[in-house]
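[1] okay, sequence plus prediction incoming.
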Amino acid sequence: MVRFPKDRIASYHAALLFLIAARDLLEDDKTIDLPPFGEPLTFKHPVNVPKEIADFIDEAWEQTTQLIANTEPSSTTEDDIRAGIAIGWQLLSANPSLPFSSPEYEKWRNLITTRFIIPQLDTRPHWPPPLQTLLNHFGPTWDDVKTSAGWQPPEPAPRTTTAPQVPTEELEEMLTALRLFIAHCEKTRTRTAQARYKGWAGVEHEQGRYRPAAQHIRDAFGTWTNAITTARGF
């Protein structure tokens, strides 16, 4: 079983961008129009791709190439995979709220790994990664995954009168912990996922610094994304 190391963030995000580019190319009004079986997926190369995006694609490819080394000769080429990632970035830049559900991710991943990035023999398709890999890394929710890749965070659900009422002192304690956690993530160039907070809070506790539980924070703010957004001051 292949395990994705934690430093494949660019590869994970590139997979999302590649899949929305594939959807844009192949789907029209909910109808998927596939090329003949055995033909690779080809993209018209975008122009005016900013240097930082080109650098991101280079990094993503470096992290991805070994995962798709054992693919069929008819599989989509490196050049077209790179072009697809760039097109996905353009689509998301034009619409940061671009709809893309987790079932759609699985549908398009399955299509890509059975038609266009095909593993040889009985080897598993390792890229794009399974949905659960993304949820484990950036989750726990699909919105968390998309926000980490550049989607606009969803509007927080309105608080209801039945929501737990948290004293101001506790809220400030949570926000202080979250801001320290965000600073830690920025320093270590890691994502502000709830699962990563749990590990950070555990280390803090071992060093004698109590931090509020992740679930308590989530309950207070409605979602983990909302908690992080509030702590950032957005």
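    Perfect, thanks for sending it.
[2] which elements pack onto the longest helix along the chain?
    In the chain, with assignment by DSSP state H, the single longest helix is helix 168-188. Helices and strands touching helix 168-188, by 3 or more Cβ pairs under 8 Å, 6 or more residues apart in numbering; DSSP states H and E, are helix 194-206, helix 214-221, helix 224-232. All C-beta atoms are positioned from the backbone trio N, CA, C, and that covers glycine.
[3] please redo it, this time with the cut-off set to 6 Å
    helix 194-206, helix 224-232 (3 or more Cβ pairs under 6 Å, 6 or more residues apart in numbering; DSSP states H and E).
[4] in it, what's buried?
    Neighbour-count burial for helix 168-188 flags E173, M174, L175, A177, L178, L180, F181, H184, C185 (criterion: 16 or more other Cβ atoms under 10 Å).
[5] touching that helix from outside, list them.
    T192, Y197, W200, R211, P212, I217, A231 (Cβ atoms under 6 Å, 6 or more residues apart in numbering).
[6] so for it, mean pLDDT?
    The average pLDDT within helix 168-188 is 91.
[7] mind checking the SS state of the residue nearest to the spatial centre of the chain?
    Computing the C-alpha centroid of the chain and ranking residues by Cα atoms, centre = their mean puts V145 first, at 4.0 Å. Three-state call for V145 (DSSP: H, G, I helix; E, B strand; the rest coil): helix.
[8] next: G84.
    helix.
[9] distance of it relative to T76?
    8 Å (Cβ to Cβ, to the nearest Å).
[10] so between these two, which is more surrounded?
    G84 (28 against 23; other Cβ atoms under 10 Å).
[11] quick one, what contacts that one?
    F18, A21, F43.
[12] now the residues you listed as TSV including distance to P130?
    Output for the contacts of G84, formatted as TSV (distance: Cβ to Cβ, whole Å):
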residue	distance to P130
F18	15
A21	19
F43	24
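[13] by neighbours, which of the residues you listed wins?
    F18 (31 neighbours).
[14] doesn't that residue fall inside a strand?
    No: applying three-state DSSP, one finds F18 to be helix, outside a strand.
[15] do you know how far it is from E106?
    14 Å.
[16] about what we covered before: now the common contact residues for G84 and T76.
    In contact with both G84 and T76: no residue, using Cβ under 6 Å, 6+ apart.
[17] rewinding a little: hey, which of the helices and strands packed on helix 168-188 is tucked in deepest?
    Comparing those by mean neighbour count (mean count of other Cβ atoms under 10 Å), helix 224-232 comes out on top with a mean of 20.
[18] show me what that helix is packed against.
    helix 142-148, helix 168-188, helix 214-221.
[19] and the angle from it to helix 214-221?
    80 degrees (axes from the mean of the first three to the mean of the last three Cα atoms, to 10 degrees).
[20] what angle do helix 224-232 and helix 168-188 make?
    Going by the same axes, to 10 degrees, helix 224-232 makes 90 degrees with helix 168-188.
[21] which other residues reach helix 224-232?
    143-144, 147, 153, 156, 175, 178-179, 192, 194, 217-218, 221.
[22] try it again with 7 Å
    143-144, 147, 153-154, 156, 175, 178-179, 182, 192, 194, 217-218, 221 (Cβ atoms under 7 Å, 6 or more residues apart in numbering).
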